[in-house]
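**Student:** Here is my input, please return the structure:
(chains A and B)
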Amino acid sequence: MLPLRIKNVTFYAAVALLWFATGCSKVEYKKIDDPAYLRVFNNLNYKIGVDNKDEMLPFLTMLIDPEMDQDGMPVGAQIKGDFLDKRDPYAPPYPSHIGSGTSVNNPEYPGRENVLVGPVLNGFDLSSWAQIPSGKHRIVFMFRPKNTVPFFNLDPKLKKSFLIDTTMVLDSKEVYTLHVLQKDFLTKRNGIYLRKENFHKLPLSDSSIYVNFYNMSAKGYWQADNDAKGGNEYGKGAMGNGVKDQMNIFVTLYKNRTVSSPKISGYNGKYLGNLTRNADVLEVSPYYSFPLFADASAGGIFTDMWQRFDFLAPGMDIRNIPYGPTVNQTDGNWASINCLTPYPDYRQWNEIVMPNMIVNIHSGKYNPRSFATVNTIEIVNGNVYLSTIQRKYAPPVY
Amino acid sequence: MKYESLKKCLYFLSVLWLLGLNACKHDDLHIDKANDNFRPGFDFVKNNYDLSLFASAIEKTGIGPELNGAGQFTILAPSNAAFNIIGINRPSDFDKMNPDTLKFLVQRHILNERIMLKDIPFNGIDVRYRTLAGTELYASIVSRDNSNTLYFNGSLASRKDVTLANGTLHVLDRVMKSTANTTVQGWLSARPEYSILVSGLKKFGFWDELATEGPYTILAPKNKEFEANGMTAEVIAGLNVNSYIGDRLFGCYVMRKKHFFVSDFVVFSIINNDSFYYHPVANDTYIMTITAGRFNYDNIYDQSIGYNIEVRTNKNFPYDIVTNVKGHDQKAIDNLTDNGLVQDLQGILILPEQAIKSN
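**Tutor:** Residues are numbered from 1 along each chain as shown, chains lettered A, B, ... in the order given. Below is the predicted model of the structure:
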C-alpha cells in the first residue's frame, strides 16, 4: 500500500513540477523613477526637390543617451524614437496615432511608440508625453532613409548623418516639448528647441478655452522668394509664404457651422496680443483665453462655436484688410487660421483650416458635451500646427 | 481495481499532455543550401544573348573568374542596345579601346556588395555606393503604385533584381558614362567638338572656376550647333566682352552647385509632381525652364529620356520665350566627372544679339 502512495506522491509532484515549468512566465513592469515628460515633434517640413536634392530628407531617428562605436556611429541608445516623420498639422489631445494605420512612420514621439507615458497631471491628460528619466541627457537626432528598416539595422553608411548632437537637462515631473527646427532658411542650419511647458501649473479655468502662439519659423523664411520656398502651393493659404517677424493676433468667434453664421458679439476681430518670431529662446508664450460659452444662447452644455485667428502686421486694421479672401500673396502682412470652417471647398480661400479647439464628446448623460481645452498654435515655415491638450472628463453613461 | 487503473490512466494522460506541450517547442529549422539552379555572375552574363557585349568586355579585362568567385556582387550590366548607343556593335570594337579604359568601364559597372531593390531607400535620391573602380555610384529610385523605377547614374535599370548565385544583377539600358580623375573643365577641354563653348566660357570668365570643387552641371552645345547659329570661333573671338551680358550669353551654360542627371527631373516629377524646374540665369531676369521625360513615343520599348530647356525673359507672366532646346542625344548626356556633369545640348540657348547690354 505504502509504495503505491509514494508512487502517487511522485506522480503528483511530477505533475505539479510540470505545471510550474510550463506556467512560469514573469511579467516585468517597467517603472521610471523621477520621470520628466517629453513630447517630440519634427518640424522640418521642407520638400526635397530638384533644386535641393542634396539636402537630407526630413525623416529622423531620435536617440537619447546613445552609445557610439569608435567611429562615432551610434550602435545603441537608452531611448530610441525611430521613423520620426514630419509632424501632422493637428496633434490631438490623446495619442490617436496608435492603432490607426499600419505605417511605422511616427508623426511625433511618443506617438505610436509603445513606451511609458505621462499620467493625468493637475487634470491634464499627458498620455501624449513619454516618461523620460529626469536629469542630464545626451540627445542625438539622425537623418535616416525613409523605409521600414529599424535604425540600428540600417546599412552602416546610412547611419552617419547627424542632424544635431547635444545635451539637455530635464527636471523631474516637468512637462517638455522638444522641437526639431530649421533655424536659418538661407544657411539651412537646423537645431532643436526645448520648451518647458507651464500649462499644468497655471490656474486655468475649465470654462475658458486657452491658446498661445509661437512663430518658430526659420530666420529669413518670410523674406525668401515665394517660389523658392514653395509657399504658393495650393492649399497652403496665405500662411504658406510666411508671416512677418512681428504680428498682431485677432480672434473672431462664430456661432455655428453655417456659411451665414453670425459672429459672436464682443469677439469680432478682438485683439489678443502680439506674436514675435522666435526659434531660440525657451519661453512659454502667454495664454490668451475666451469663454467656452461665449455664445450665451448655447445653453451651457453643448456649443458648436468655432474660432478664427487673424495675423496682421502691426499698423494694419482688421476692419480694413487690403487683400481679398482668396489672395495668397499678402507679403507676409496677413494670414489666418480657421479652427473649423463651414466651407467644404475651403482650400480656395487663403486661410488654413484646423480642427475645432472645442472637444465635443459623449460624456455623462450628454451626447455631445463641449469641453474647453488648452491649445498651442505653432507657425513653422509656412505651415501651421495645432496641439490640443484636454482635461480628464467624465465617461459616457449609456 | 478497474477504477484505480482508470485514475492512473488519467494521470498518465495529463503527464503525457504536458510533456507533449513542452516537446512542441522547437526552433525553426533552416538549412541554407546553395541553389544549383542559379549561375554565378560572369557565367550568367556570358549565357545571356542580350548581354553578350558586356560579357566580351569582361572577358577582355580578365575579371571573369573573380566575378564567378565567392562574395556578393552587384552587376549593372548594360544591354547590347546600350553598347550600340555608344558605338560598340561587336566584340571586336572593344579592341579599339585602351585596355585600361575598358577595365575602368567594366569595373564601374560592378559593386562588391549585393544591392537589391529593397536595399535602396524608397524614393531615395542619389543614394551613393562605391564601385570596383573606386568611383561613386548614384542610385535614384521612384516607388509608386507598387512599381519601382530605378536609375544608376541616370541610366534606367530595365531589368531589376536578377538573382545570381553570388549576388544580383540589374540590366541597364545605357552605359554609365564616367571619367576618372577629371573635372568638367578637363572633360570639355579634352573634346574638340566643344571648343567653341570652351572659348566662350574662357572669354567671359567662366572657365577657371570649372576646375574647382563645384559641383557643376554644364549644358554643352557642340561646335556645329554654334556654327549653325552663326557663332563661329571667329565671331566669339571678335565679341567685345563689355557690350554683352556675359552671365546670360555664356553663363547660362554653367549651373553652379548642381549635379543633375537627366533622370533627376523624371524622378522628381513623379515624387513631387515637380514637372518643371526653374533655373534662374545668374544676375538676370532670364530663367531656364527644364523638363525631362521620354521623347520617342513611336517605339514603346524605347524608354530613353532626354531633357528640354526653354529660356524665358522672365519667370512670371508677361514673358517671351527666347529659345527652346532639347538634349536627347543618348550617347552624349549624363557625362559624370569628379566635380559635376556635362549634359550635351542640341542647340544654343542665347544668341549674342539677345544679350547685348542696353546701355
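**Student:** what bridges to A:Trp334?
**Tutor:** A:Leu312 (DSSP bridges).
**Student:** Need the pLDDT of it.
**Tutor:** pLDDT, A:Trp334: 95.
**Student:** show me the residues around it that make contact.
**Tutor:** A:Ala238, A:Val243, A:Asp310, A:Phe311, A:Leu312, A:Ala313, A:Met316, A:Ile321, A:Tyr323 (C-beta atoms under 8 Å, 6 or more residues apart in numbering or on different chains). To be clear about C-beta, it is placed using only N, CA and C from the backbone, and glycine gets the same treatment.
**Student:** Most neighbours among the residues you listed, please name it.
**Tutor:** A:Ala238 (27 neighbours; other C-beta atoms under 10 Å in any protein chain shown).
**Student:** wait, what's in contact with it?
**Tutor:** A:Tyr323, A:Val327, A:Asn328, A:Gln329, A:Thr330, A:Trp334, A:Ala335, A:Ser336, A:Asn350, A:Glu351.
**Student:** switch the cut-off to 7 Å
**Tutor:** By C-beta atoms under 7 Å, 6 or more residues apart in numbering or on different chains, the contact list for A:Ala238 reads A:Val327, A:Asn328, A:Thr330, A:Trp334, A:Ala335, A:Ser336, A:Asn350.
**Student:** just the residues you listed now: which is nearest chain B?
**Tutor:** Nearest to chain B among the contacts of A:Ala238: A:Asn328, at 14.1 Å, using C-beta to the nearest C-beta.
**Student:** Residue of chain A closest to chain B, please.
**Tutor:** Closest point on chain A to chain B, by C-beta to the nearest C-beta, is A:Pro145, at 3.1 Å.
**Student:** Which strand or helix spans that residue?
**Tutor:** For A:Pro145, there is no host helix or strand (DSSP states H and E).
**Student:** got a list of what the closest residue in space to A:Gly123 that isn't next to it in sequence touches?
**Tutor:** Distances taken as C-beta to C-beta, 6 or more residues apart in numbering or on different chains place A:Arg391 nearest to A:Gly123, at 4.8 Å, with adjacent residues excluded. Shown in contact with A:Arg391 (C-beta under 7 Å, 6+ apart): A:Gly123, A:Phe124, A:Asp206, A:Phe371.
**Student:** One more: A:Ile32?
**Tutor:** Counted by C-beta under 7 Å, 6+ apart, A:Ile32 has contacts A:Leu116, A:Gln131, A:Pro133.
**Student:** A:Lys30 versus the last one, what's the distance?
**Tutor:** When C-beta to C-beta, to the nearest Å is the yardstick, A:Pro133 and A:Lys30 sit 12 Å from each other.
**Student:** out of the two, which sits in the more crowded spot?
**Tutor:** A:Pro133 (16 against 7).
**Student:** these two touch, right, the more buried one and A:Pro35?
**Tutor:** Yes - under the criterion of C-beta atoms under 7 Å, A:Pro133 makes contact with A:Pro35 at 6.4 Å.
**Student:** Show the backbone phi and psi for the nearest residue to B:Gly167 once chain neighbours are set aside.
**Tutor:** Nearest non-adjacent residue to B:Gly167, counting by C-beta to C-beta, 6+ apart: B:Phe73, 3.7 Å away. Dihedral pair for B:Phe73: phi -130, psi 150, per degrees, to the nearest 10.
**Student:** same question, A:Ser297
**Tutor:** Per degrees, to the nearest 10, the backbone of A:Ser297 is at phi -80, psi 0.
**Student:** if we can go back for a sec, which one (most neighbours) among the contacts of A:Ala238?
**Tutor:** Most surrounded of the contacts of A:Ala238: other C-beta under 10 Å gives A:Ala335, at 30 neighbours.
**Student:** ok, now which ones touch that residue?
**Tutor:** Per C-beta under 7 Å, 6+ apart, neighbours of A:Ala335: A:Gly237, A:Ala238, A:Met239, A:Val243, A:Phe311.
**Student:** Can you get me a residue count around residue 123?
**Tutor:** In the absence of a named chain, chain A is used. Using other C-beta under 10 Å, A:Gly123 is surrounded by 12 other residues.
**Student:** Switch to chain B, please.
**Tutor:** Residues lying near B:Asn123 (other C-beta under 10 Å) number 21.
**Student:** wouldn't it be in contact with B:Phe268 here?
**Tutor:** No - with contact defined as C-beta under 7 Å, B:Asn123 does not reach B:Phe268; the gap is 9.8 Å.
**Student:** Dihedrals phi and psi, residue 16?
**Tutor:** You didn't pick a chain, so chain A it is. The phi/psi pair for A:Ala16 (degrees, to the nearest 10) is phi -60, psi -40.
**Student:** oops, chain B please
**Tutor:** According to degrees, to the nearest 10, B:Leu16 has phi -60, psi -40.
**Student:** Tell me, how many residues neighbour A:Ala296?
**Tutor:** With neighbours defined by other C-beta under 10 Å, the count for A:Ala296 comes to 11.
**Student:** for the chain, what spans make up the helices?
**Tutor:** Went with chain A since none was named. A:2-23 (DSSP state H).
**Student:** wait, chain B
**Tutor:** With DSSP H as the criterion, chain B has helices spanning B:2-23, B:41-46, B:52-61, B:64-68, B:80-85, B:99-107, B:184-189, B:195-203, B:223-228, B:233-238, B:246-249, B:262-271.
**Student:** What residues sit buried inside the fifth one?
**Tutor:** Translated: helix B:80-85. B:Asn80, B:Ala81, B:Ala82, B:Phe83, B:Asn84, B:Ile85 (16 or more other C-beta atoms under 10 Å in any protein chain shown).
**Student:** which ones are touching residue 38?
**Tutor:** I went with chain A, as the question did not name one. Contacts of A:Leu38 by C-beta under 7 Å, 6+ apart are A:Trp129, A:Ala130, A:Ile132, A:Leu170, A:Tyr176, A:Leu178.
**Student:** looking at chain B here, not the other one
**Tutor:** Residues in contact with B:Phe38 (C-beta under 7 Å, 6+ apart) are B:Thr163, B:Leu164, B:Ala165.
**Student:** Distance check, the residue nearest to B:Leu249 when sequence neighbours are not counted against chain A.
**Tutor:** Excluding the flanking residues, the one nearest B:Leu249 by C-beta to C-beta, 6+ apart is B:Ala355, at 3.9 Å. Applying C-beta to the nearest C-beta, to the nearest Å, the value for B:Ala355 to chain A is 24 Å.
**Student:** What is the burial count for B:Ala355?
**Tutor:** B:Ala355: 24 neighbours (other C-beta under 10 Å).
**Student:** from what I can see it touches B:Ile245, true?
**Tutor:** Yes - counting by C-beta under 7 Å, B:Ala355 touches B:Ile245, with 4.6 Å between them.
**Student:** before we move on, back to that, want to throw the contacts of B:Phe38 into a markdown table with pLDDT?
**Tutor:** Putting the contacts of B:Phe38 into a markdown table (pLDDT from 0 to 100) gives the following:
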| residue | pLDDT |
| --- | --- |
| B:Thr163 | 92 |
| B:Leu164 | 92 |
| B:Ala165 | 90 |
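**Student:** quick revisit: out of the contacts of A:Ala335, flag the one nearest to A:Val104.
**Tutor:** Nearest to A:Val104 among those: A:Met239, at 29.7 Å, using C-beta to C-beta.
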